[in-house]
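[1] predicted model and sequence below, questions to follow.
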Amino acid sequence: AQSVTQLDSQVPVFEEAPVELRCNYSSSVSVYLFWYVQYPNQGLQLLLKYLSGSTLVKGINGFEAEFNKSQTSFHLRKPSVHISDTAEYFCAVNGIQGAQKLVFGQGTRLTINP
Amino acid sequence: DSGVTQTPKHLITATGQRVTLRCSPRSGDLSVYWYQQSLDQGLQFLIQYYNGEERAKGNILERFSAQQFPDLHSELNLSSLELGDSALYFCASSRSIQETQYFGPGTRLLVL
């Protein structure tokens, strides 16, 4: 079984500042890792994913994440945020084998202040 | 736009009633997943279908059932509705097993 912990429920930052959203996971098997974004009153949009290979993954809208196996983390970063990045961000995992269900963290609400 | 469509967008009903949520996957996707998003439980996996067959089950109540039809669209049936069933229900689809899931816009269910 897998579990995901998003360490911050809310993160307020100023526009053009850097941001890091933290995600830690627990799993007894190898996993795939994902970040999804949910804009207000919308569905989930895939930001980026780690399946294998390079541990630094680049996604859409200038976001990137780094997979750290020893620390079981997959933190999301952006060097300079924009007002339009205001949204809820979800980290998710699924096991490479077995039931293909995404296990989500509780979400981090990113608020960008002008 | 992910290519996954869900209808209806909003649904308001009363306790004890039954509703059906519909999902059309992206063109070519064989696998469909249902998730529930609520304030207290967060995002939870309910059930997965692959090419018409049930593939995996999560925390789905016995009052809930789903199916995937030959044209690959899926329906989630919720019966004997309770106030606590009020939530956002998402459908996702993927090309095959262990491929990236793409989410629809969701159906917001309100049980009064």
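    Perfect, thanks for sending it.

[2] burial check on B:Thr5, number of neighbours?
    15 (other CB atoms under 10 Å in any protein chain shown). Using the backbone N, CA and C atoms, a C-beta is placed for each residue, glycine as well.

[3] right, and B:Val111 touches B:Ser80 too?
    No: B:Val111 lies out of contact with B:Ser80 (CB atoms under 8 Å); the separation is 10.5 Å.

[4] neighbour-wise, which of the two wins?
    B:Val111 (19 against 13).

[5] quick one, what contacts the most centrally placed residue in chain B?
    Closest residue to the average C-alpha location of chain B: B:Trp34 at 3.4 Å, with CA atoms, centre = their mean. With contact set as CB atoms under 8 Å, 6 or more residues apart in numbering or on different chains, B:Trp34 has these partners: B:23, B:45-48, B:60, B:66, B:74, B:76, B:89-92.

[6] those in strands, which ones?
    Mapping these onto strands (DSSP state E) picks out B:23, B:45-48, B:66, B:74, B:76, B:89-92.

[7] does B:Gly106 touch B:Leu76 like I think?
    No: contact criterion CB under 8 Å: B:Gly106 and B:Leu76 do not qualify, at 11.7 Å.

[8] next, show the common contact partners of those two.
    B:89, B:91.

[9] could you check which helix or strand contains A:Thr111?
    strand A:108-113 (DSSP states H and E).

[10] right, is that strand up against chain B?
    No: interface with chain B: strand A:108-113 contributes nothing (CB under 8 Å from any CB of the partner chain), its closest point being 11.9 Å away.

[11] avg pLDDT for that strand?
    Averaging pLDDT along strand A:108-113 gives 96.

[12] which residues are contacting it?
    With contacts defined as CB under 8 Å, 6+ apart, strand A:108-113 is touched by A:6, A:8-15, A:19, A:21-22, A:81-90.

[13] parallel or antiparallel, list what pairs with that strand.
    strand A:10-14 (parallel), strand A:87-95 (antiparallel) (DSSP bridges).

[14] just to revisit the earlier point, ok, which of the contacts of B:Trp34 also contact chain A?
    Okay, of those touching chain A (CB under 8 Å from any CB), that's B:45, B:48, B:90, B:92.

[15] near chain B, which residues of chain A are found?
    A:32, A:34, A:36, A:42-46, A:49, A:90, A:92, A:94, A:96, A:99-107.
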